[in-house]
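J.: got a structure for you, letters missing:
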């Protein structure tokens, strides 16, 4: 290994590739929007909690603050072009961004924000706390419903033969997980 | 796609596989420990901030609270057995867990917690806020140093020919990213 060098400018890219998801939300008038993010993590099993981080300048940031709810839609790698479209176009500039991304909004179970039907799994979320982190806001949210395509997600694991989740490396560069393998824990 | 079914019990697994890292910390007496986690995300570019989530029952949870600092060590997929060892053995039960995992602790640049030399990249972190999420605590931390092997991490991207980051699917099941591909954003 070469001597390590400072990478502070791109520190966050060390934690990529990581799952890319489509977050859906609505404005006060009930108009839907979606944005692509990969700064997301589960943070608690009980109660079921996740965080997402959204840049303050993004259109959806204000919508999520306003309504206190959103849906995390988890795409397979087959939806990469739809996701990248959502990651590069702002809902401020286009009407019906979900439709323009060739995706379909359908009603969710609990929250008013819609699901994106083409995605094989969804987490409906209610915001519990917003933490100002500087360039981004951290949304700490409770998961109020979670459902998935049973052919793609089985016994707590994605079936790699049916659906691989999309991973974002940075910019327009993506990946997906290789076949799973088992560890023994014997180094 | 089949009709979607409730997966609330395993909601967090929908966001896996995701990067697995080794977090290092120290106790008041300066003894080092490490734990494997994958509930981690960047949350802000400016200032540079990340979150990690650590179960309250884990030994390192108390150490990080006590000292307010930790290091995120990012392993390549080649270190899977060392990482899985760290994910299944508690520092409460073994002396010198890092050594027993066949890994090497070396001094960090800013914080007192050590780095794990075999990992190709490190994020040194200082805790800014601890948020009680139930089963887990969320640690919101500022990144005070970030450095990487320049042969493995180039211009903000992992060179897939040199080092692939380790992804955790759940339990003893791991993966790594496939070759990167480019999106056009034209769905």
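T.: Yep, it's here. Being a predicted model, the structure only gives us computed values, none of them experimental.

J.: Provide a list of residues in contact with residue A:139.
T.: Going by Cβ atoms under 8 Å, 6 or more residues apart in numbering or on different chains, residue A:139 touches A:51, A:52, A:53, A:54, A:64, A:70, A:127, A:129, A:130. (C-beta placed from N, C-alpha, C; glycine too.)

J.: What mean pLDDT does the helix or strand where it lies get?
T.: Secondary structure assignment for residue A:139, by DSSP states H and E: strand A:136-148. Across strand A:136-148, pLDDT averages out at 98.

J.: Please tell me how far the residue nearest the centre of chain A sits from chain B.
T.: Closest residue to the average C-alpha location of chain A: residue A:21 at 2.6 Å, with Cα atoms, centre = their mean. To chain B, residue A:21 is 8 Å away according to Cβ to the nearest Cβ, to the nearest Å.

J.: Specify the beta-bridge partners of that residue.
T.: As for beta bridges, residue A:21 partners with residue A:37 under DSSP bridges.

J.: Would you confirm that it contacts residue A:39?
T.: No: here residue A:21 does not reach residue A:39: they are 9.8 Å apart, not a contact under Cβ atoms under 8 Å.

J.: mind listing what residue A:10 touches?
T.: Per Cβ under 8 Å, 6+ apart, neighbours of residue A:10: B:155, B:156.

J.: I'd like to check the angle between the strand holding residue A:139 and strand B:136-148, please.
T.: Compare the direction of strand A:136-148 with that of strand B:136-148 by axes from the mean of the first three to the mean of the last three Cα atoms, to 10 degrees and you get 120 degrees.

J.: which of the residues in whichever strand or helix holds residue A:51 are buried?
T.: Under the criterion of DSSP H and E, residue A:51 resides in strand A:49-55. For strand A:49-55, the neighbour count (16 or more other Cβ atoms under 10 Å in any protein chain shown) marks A:49, A:50, A:51, A:52, A:53, A:54 as buried.

J.: Keep the contacts of residue A:139, but drop any that are not near chain B.
T.: A:51, A:53, A:129 (Cβ under 8 Å from any Cβ of the partner chain).

J.: how about those residues in JSON lines, adding pLDDT?
T.: Converted to JSON lines, those look like this (pLDDT from 0 to 100):
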{"residue": "A:51", "pLDDT": "98"}
{"residue": "A:53", "pLDDT": "98"}
{"residue": "A:129", "pLDDT": "98"}
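
J.: Just the closest of those residues to chain B, please.
T.: Chain B has its nearest neighbour among the ones next to chain B among the contacts of residue A:139 in residue A:53, at 4.0 Å by Cβ to the nearest Cβ.

J.: wait, isn't that closest one in contact with residue A:35?
T.: No: counting by Cβ under 8 Å, residue A:53 stays clear of residue A:35, with 11.6 Å between them.

J.: Regarding stretch A:66-78, how distant is the last residue from the first?
T.: 32 Å (Cα to Cα, to the nearest Å).

J.: chain center to it: distance?
T.: Between the centre of stretch A:66-78 and the centre of its host chain there is 5 Å, according to Cα atoms, centre = their mean, to the nearest Å.

J.: Then stretch A:118-127?
T.: Offset of stretch A:118-127 from its chain centre (Cα atoms, centre = their mean): 9 Å.

J.: Identify each buried residue in that stretch, please.
T.: A:118, A:119, A:120, A:121, A:122, A:123, A:124, A:125, A:127.

J.: residues in contact with the first one?
T.: For residue A:118, the residues meeting the contact criterion (Cβ under 8 Å, 6+ apart) are A:75, A:79, A:82, A:103, A:104.
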